[in-house]
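Participant: Any chance you can model this:
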Amino acid sequence: MKKPFFRAALWASALFASLTACTSDHGQLDVTIEGATEAIIVRIEGDHTVPWDTVAISDGQLSLDLPVDSTLQTFYYLLFDTGGSMRLGIQPGDRIAGHIQASTPLTDYTIEGSVLSEQLQALYRPVLRSSLLLDSLDQYRNAHRSDSTEGSLAREQRHFERLESRYLAHREEILAVMAQDSTNLSNVFGFFQQVGQVPIFRPTTDIGMMQAYADAFIKAYPTHPLAQIFAQEVARMSNAMPGQ
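Facilitator: Residues are numbered from 1 along each chain as shown. Reported below is the predicted structural model:
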């Protein structure tokens, strides 16, 4: 089974700088978890990710406080012993509650109580749908390896059409989620999603939209490193385009 696409997560882990100063603020996490017995909690700090804690999931319950750094918007990864993972965004006073299905690498979850985390959840839904489709197509292909050449070609054409349709739907779903809360910093993760190996957004066609979001982030959070570095990345993409 394929894991969800984490290129966005890996890219974003290199975006944060000057986040080492911590405050006493925190958010609360109180969720039920099915399938996993342990979670590694990883915090994005500086230009790298740092394991913050490893916690046992007792009787399907995970309850803990997550510190918020000096930006007052801090992101974490939860990595489960089943291979699944999820992303959280924390602000002071957040009280995150919900249920996580972590039995497989394709984590499914429903949470509430945090503006950042709820946006991350909404951005993850298209990823999960695309991942499930890719897995189902792979399973079908593996079960029909003995098909004739003609049958295999017809199957691959059908698969291509389904993937193309899913790609376009994935893109529209992400655009709709981001438009509902255009200055939410969690949106940065949406810009680097893929379906298979195909990016959802490309500088050649989407640089204007990406610049508009970068400007909105900078206006809303002028000193936040994520907003600053996303704007720098968009500027780099723009300058690298032919004719610039």
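Participant: Do a quick rundown of the helices in the chain.
Facilitator: Secondary structure of the chain, counting by DSSP state H: helices at 7-13, 115-143, 149-180, 187-190, 203-220, 225-240.
Participant: quick one, which of these is nearest to residue 30?
Facilitator: Nearest to residue 30, of all the helices of the chain, is helix 115-143, at 12.6 Å by C-beta to C-beta. For every residue, glycine as well, the C-beta is placed using N, CA and C.
Participant: just checking, what packs against the closest one?
Facilitator: Secondary-structure packing of helix 115-143 (3 or more C-beta pairs under 8 Å, 6 or more residues apart in numbering; DSSP states H and E): strand 85-90, strand 108-112, helix 149-180, helix 187-190.
Participant: Figure out how far that helix is from the centre of its chain.
Facilitator: 11 Å (C-alpha atoms, centre = their mean, to the nearest Å).
Participant: cool, stretch 172-181 as well?
Facilitator: So, by C-alpha atoms, centre = their mean, the centroid of stretch 172-181 is 14 Å from its chain's centroid.
Participant: pretty sure residue 155 contacts residue 141?
Facilitator: Yes. With contact defined as C-beta atoms under 8 Å, residue 155 counts as touching residue 141 (7.1 Å).
Participant: quick one: residue 226 and residue 89, what's the gap?
Facilitator: 10 Å (C-beta to C-beta, to the nearest Å).
Participant: if I look at these two, which residues touch both of them?
Facilitator: 73, 185 (C-beta atoms under 8 Å, 6 or more residues apart in numbering).
Participant: if we can go back for a sec, can I get the helices of the chain in JSON lines including mean pLDDT, mean neighbour count and distance to residue 103?
Facilitator: Formatted as JSON lines, the helices of the chain follow (pLDDT from 0 to 100; neighbours: other C-beta atoms under 10 Å; distance: least, C-beta to C-beta, whole Å):
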{"stretch": "helix 7-13", "mean pLDDT": "47", "mean neighbour count": "17", "distance to residue 103": "21"}
{"stretch": "helix 115-143", "mean pLDDT": "91", "mean neighbour count": "18", "distance to residue 103": "14"}
{"stretch": "helix 149-180", "mean pLDDT": "89", "mean neighbour count": "14", "distance to residue 103": "24"}
{"stretch": "helix 187-190", "mean pLDDT": "93", "mean neighbour count": "24", "distance to residue 103": "24"}
{"stretch": "helix 203-220", "mean pLDDT": "95", "mean neighbour count": "15", "distance to residue 103": "35"}
{"stretch": "helix 225-240", "mean pLDDT": "89", "mean neighbour count": "17", "distance to residue 103": "32"}
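Participant: Adding distance to residue 109, write the ones you listed out as CSV.
Facilitator: Formatted as CSV, the helices of the chain follow (distance: least, C-beta to C-beta, whole Å):
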stretch, distance to residue 109
helix 7-13, 15
helix 115-143, 7
helix 149-180, 16
helix 187-190, 15
helix 203-220, 25
helix 225-240, 23
